[in-house]
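> structure of the sequence below:
(2 chains, ligands or ions: 1)
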Amino acid sequence: MSSPSVLYAEQPEWADVIPIPQYENVEPLAPILYTPEYKDATDYFRGIVKTGEKSQRVLSLTEHIIRLNPAHYSAWQYRYETLLAIKAPLDVELKLMDEIAIKHMKTYQVWHHRRLLMTHLLRNTDSTGIDKGSSSSSTQSPTQIASSELTLIARTLAEDSKNYHTWSYRQWLLAFFNDDSLWERELDFVDSMLNADVRNNSAWHHRFFVVFQSGVREGEQNRDRVLKRELIYVKQNISLAPNNASAWNYLRGVLDLNKLPYSNLVTFVQPYSVSHPDTPSDLVDLENPPPSRGAQLPCPAAIEFLADVYEKEGGDNVLKATELWKSLGSEHDTIRKRYWEFRVKEGLRAIQAQS
Amino acid sequence: MSTSTAPNLDNNVDNDENNFALPRLARIGHAGHVKRCLSGLPDSQVDLDSSRLAIVFYCIGSLDLLGLIPDKIAQGDLDMWREWIWGQYVSGPYGSGFRPSPFMAFSTGGPSTSDPNSTDAPHIIMTYTALIALAILRDDFSRLDRRGLVNLLRSCQRPDGSFKTVPGDVDTESDLRTLYCAFVISSLLDNWEGVDVAKALEYVKGCRTYEGGYGISTGFEAQGGPTYIALASIYLAPPSPPASSPKYRLTREEKDKTISWLVRMQDPSGGFCGRTNKTADACYCFWCGAALKILGADHLVDSRALVTFLADCQFKYGGIAKAPGEHPDPYHTYLSLAALSMYPPPFSNANENNNASWIFEPLDPLINAKEETAKWAREKVRGLR
Ligand SMILES: [Zn+2]
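Predicted coordinates:
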């Protein structure tokens, strides 16, 4: 890469390119006060695009622009076209992009570029790693390639554990390669992320995606066992940190998807819905782990859950539900007072309609 | 949980609850912030180079919501803004639309090209923002090639129903944002020939998650922005087959679950978060607030807490930031004002001192523009038939 301190205009090896300044046909609106470095690089980039040149130096020029402005989608697009046109080794490209990915992880284009590269690599590599397009300097199987992607993603998430683009890329990558040996390690990965922060909703979402929304893999065919495992997992996490909306959403998601009645969980949920639950016996009940000591109770999510059970049961129990909603609106979840009052009104209306 | 911003009022003094005061909404300061951005952005914002038209939209949109267009802006400025936006209008074999800025323009001979893979191509999101910005400026759209717009949408839709941002052979970014913009454009044109509506709605469906919100693309985590966009798209779809099929409408259960997820995004600070267990951010007061408005559930929002949060996001030298103590930008400024347009503070004493400064004209939540502007857009973009 050329040193950023020397403008392209002053480099003899760029003397054959005619730079094209940005053309504003009228008084510019919200103009950006470019640095001389950015202006010079983009002037030469427009010059290159105009002649359609695709060469090694285009890779250094686009890299330079991307480092100055990672959201420059045309530079990314032209870079990708150039890589393919000159059959540049894509493993070298990926390595270079690792650093840029971590530095600019909040930029969409960084991840989109990797997607394009992965798609191209998988289409042009057979399972033994023999490259049909001669666009890689070493022979790696698709699984190896994807596996090192997962490592990079993990490194990125270590810096920013809720980065939306990075998590999305992980989901895309797993579904795209769809290789059992890759899926296999995902639950451990989720576990490590949740151990670091049990309220990380991205990790919870990822778990749902892996377990329920990406097909059924070997070892997971017994869905009853999977379901049981997931319920125990989420209950234990609720027990450790009851006021965690992510875990409650996961629990509801699992029940809804599998069409299981909420009433199955009343024994588990009840102690979370009161200020002072009965002291649990010393017996370890895996199905119904109690709230951890010192937990802040009652937990509004538990009250809401019980109210949903009562509402579903209908009849007189709807009245019980309205009492719980009232307590949420007036005491335990006052920011949603209007919402709980609305639920009370709807509940009372349902009772009236029945009688 | 309880509101931390206000002393917890006893339940039996309900009548006085709406008798409260806010600091003044710094209208002049916020207008000043977006006007400064229109006149120039510092080099540190170079990453906006490829989305300048969107920033222009947020700036002009803020001035529109603040009621300053057209009367409080010099006619010469309004004309100049309009000309700059039309300067981004480009056509090619893929159709026509607006580019983000001349950042990839290399000809002085007019903004047209015959290269289907031109890097100087229209961008669907920019095209949406340009149409709304021009409607704010009350343009007559006589320069608009409507057939070209339809062709652009057709060139950008992918086999899975989503839309690429720009035409061409390379698979550029595509997600729900672009789909929403394609829907607004079709709705304004009153012409859906550019869109395979069934496929698009199928794609929207695939973005729904177990939490009750929507992710930006299939399989991704529920987030406030995509949830707004998904709902707006469903409600913008034409009331004729195939979009009218019940399988593309939300069921009662789905609607209830989405409302429940959305209201739970409001946190004790009064602001809305974008995802479960994240902190509040001013822009989600719009995304989640508008989503609730579309579902007819805006009465469930604690608008007093919402406004109190937004009041705290005001930057002392003008502009609104994503959170208290942060730096402002046109995006958060516009979206905060748009949220206020849907959620006026529930004053019983609106005429008192500062309170009048918080009152706005109503907003059309589906296309995200002041109602009057939306009306103009609907009348003029479709053109004479
Ligand atoms: Zn924001």
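> B:Leu262 is in contact with B:Leu292, isn't it?
Yes. Contact criterion Cβ atoms under 8 Å: B:Leu262 and B:Leu292 qualify, at 5.2 Å. In this view, the C-beta of every residue, glycine as well, is placed from N, C-alpha and C.
> residues shared between the contacts of these two?
Both B:Leu262 and B:Leu292 lack any common contact, where contact means Cβ atoms under 8 Å, 6 or more residues apart in numbering or on different chains.
> how many neighbours does residue 96 have?
All of this is about chain A. A:Leu96: 13 surrounding residues under other Cβ atoms under 10 Å in any protein chain shown.
> hmm, I had chain B in mind actually
For B:Ser96, the count of nearby residues is 22 (other Cβ under 10 Å).
> and the residue in the stretch 151-300 of chain B positioned nearest to chain A, how far from A:Tyr262?
Nearest residue of the stretch 151-300 of chain B to chain A: B:Tyr210, at 3.0 Å (Cβ to the nearest Cβ). According to Cβ to Cβ, to the nearest Å, B:Tyr210 stands 14 Å off from A:Tyr262.
> next one: B:Ala230
B:Ala230 sits 26 Å away from A:Tyr262, going by Cβ to Cβ.
> which one of the two has more residues nearby?
The residue with more neighbours, out of B:Ala230 and A:Tyr262, is B:Ala230; 27 against 20, by other Cβ under 10 Å.
> tell me the contacts of the nearest residue to that one once chain neighbours are set aside?
Spatial nearest neighbour of B:Ala230, excluding adjacent residues (Cβ to Cβ, 6 or more residues apart in numbering or on different chains): B:Tyr214 at 4.0 Å. Counting by Cβ under 8 Å, 6+ apart, B:Tyr214 makes contact with B:176, B:204, B:207-208, B:222-223, B:226-227, B:229-231.
> quick one: which of the residues you listed has the most company?
B:Thr227 (32 neighbours).
> hang on, isn't that one packed against B:Leu250?
No. Using Cβ under 8 Å, B:Thr227 is not in contact with B:Leu250; the gap is 11.9 Å.
> what sits in contact with each of these two?
Shared between the contact lists of B:Thr227 and B:Leu250 (criterion: Cβ under 8 Å, 6+ apart) are residues B:Thr258.
> which stretches of the stretch 1-150 of chain A have low pLDDT?
Scanning the stretch 1-150 of chain A for pLDDT under 70 picks out A:1-4, A:126-138.
> near chain B, which residues of it?
A:20, A:22-35, A:38, A:42, A:46-47, A:49-50, A:68-74, A:77-78, A:80-81, A:107-109, A:112, A:116, A:119 (Cβ under 8 Å from any Cβ of the partner chain).
> by mean pLDDT, point me to the weakest helix or strand of chain B.
In chain B, the helix or strand scored least confidently by mean pLDDT, DSSP states H and E is strand B:174-175, which has a mean of 87.
> spell out the secondary structure type for the residue in the stretch 1-150 of chain B positioned nearest to the ion.
Nearest residue of the stretch 1-150 of chain B to the ion: B:Tyr58, at 12.0 Å (Cβ to the ion). Taking DSSP: H, G, I helix; E, B strand; the rest coil as the rule, one finds B:Tyr58 in the helix state.
> what sits against it?
Each residue near B:Tyr58 by Cβ under 8 Å, 6+ apart is listed here: B:34, B:330-331, B:333-335.
> repeat that with 6 Å
B:330-331, B:334 (Cβ atoms under 6 Å, 6 or more residues apart in numbering or on different chains).
> likewise A:Leu328?
Contacts of A:Leu328 (Cβ under 6 Å, 6+ apart): A:300, A:303, A:340.
> same thing but 7 Å
A:300, A:303-304, A:340 (Cβ atoms under 7 Å, 6 or more residues apart in numbering or on different chains).
> and which of those residues is nearest to chain B?
Nearest to chain B, judged by Cβ to the nearest Cβ, of these is A:Pro300 at 6.4 Å.
> that closest one is in contact with A:Asp333, isn't it?
Yes. Between A:Pro300 and A:Asp333 a contact is recorded at 4.3 Å, counting by Cβ atoms under 7 Å.
> these two: which is more packed in?
Between A:Pro300 and A:Asp333, counted using other Cβ under 10 Å, the more crowded position is A:Pro300 (24 against 21).
> got a pLDDT number for that one?
Listed pLDDT for A:Pro300 reads 97.
> ditto for B:Trp376
Note for B:Trp376: predicted pLDDT of 98.
> contacts for the host helix or strand of A:Val266 next, please.
Assigned by DSSP states H and E, A:Val266 belongs to helix A:266-269. Contacts to helix A:266-269, defined as Cβ under 7 Å, 6+ apart, come from residues A:235, A:287-288, A:302, A:305-306, A:309.
> try stretch A:94-110
With contacts defined as Cβ under 7 Å, 6+ apart, stretch A:94-110 is touched by A:66, A:70-71, A:73, A:76, A:113-114, A:117, A:152, A:155-156, A:159-160, A:163, A:165-166, B:173.
> all strands of the chain, in order?
Went with chain A since none was named. Taking DSSP state E to define them, one finds no strands in chain A.
> wait, chain B was what I had in mind.
Under DSSP E, chain B gives strands at B:89-92, B:95-98, B:163-164, B:174-175, B:363-364, B:369-370.
> of these, which shows the lowest average pLDDT?
Looking at these, the bottom one is strand B:174-175 with a mean of 87.
> check contacts around B:Ile132.
Residues in contact with B:Ile132, defined by Cβ under 7 Å, 6+ apart, are B:57, B:367, B:369, B:377.
> closest to the ion out of those?
Minimum distance to the ion across these is 16.1 Å, recorded for B:Phe57 (Cβ to the ion).
> the closest one - nearest residue in space that isn't next to it in sequence?
B:Thr129 (3.7 Å).
> hang on, the earlier thing: with distance to B:Met104 added, can I get the contacts of helix A:266-269 in JSON lines?
Below are the contacts of helix A:266-269 laid out as JSON lines (distance: Cβ to Cβ, whole Å):
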{"residue": "A:Lys235", "distance to B:Met104": "55"}
{"residue": "A:Glu287", "distance to B:Met104": "61"}
{"residue": "A:Asn288", "distance to B:Met104": "62"}
{"residue": "A:Ala302", "distance to B:Met104": "55"}
{"residue": "A:Phe305", "distance to B:Met104": "54"}
{"residue": "A:Leu306", "distance to B:Met104": "58"}
{"residue": "A:Val309", "distance to B:Met104": "58"}
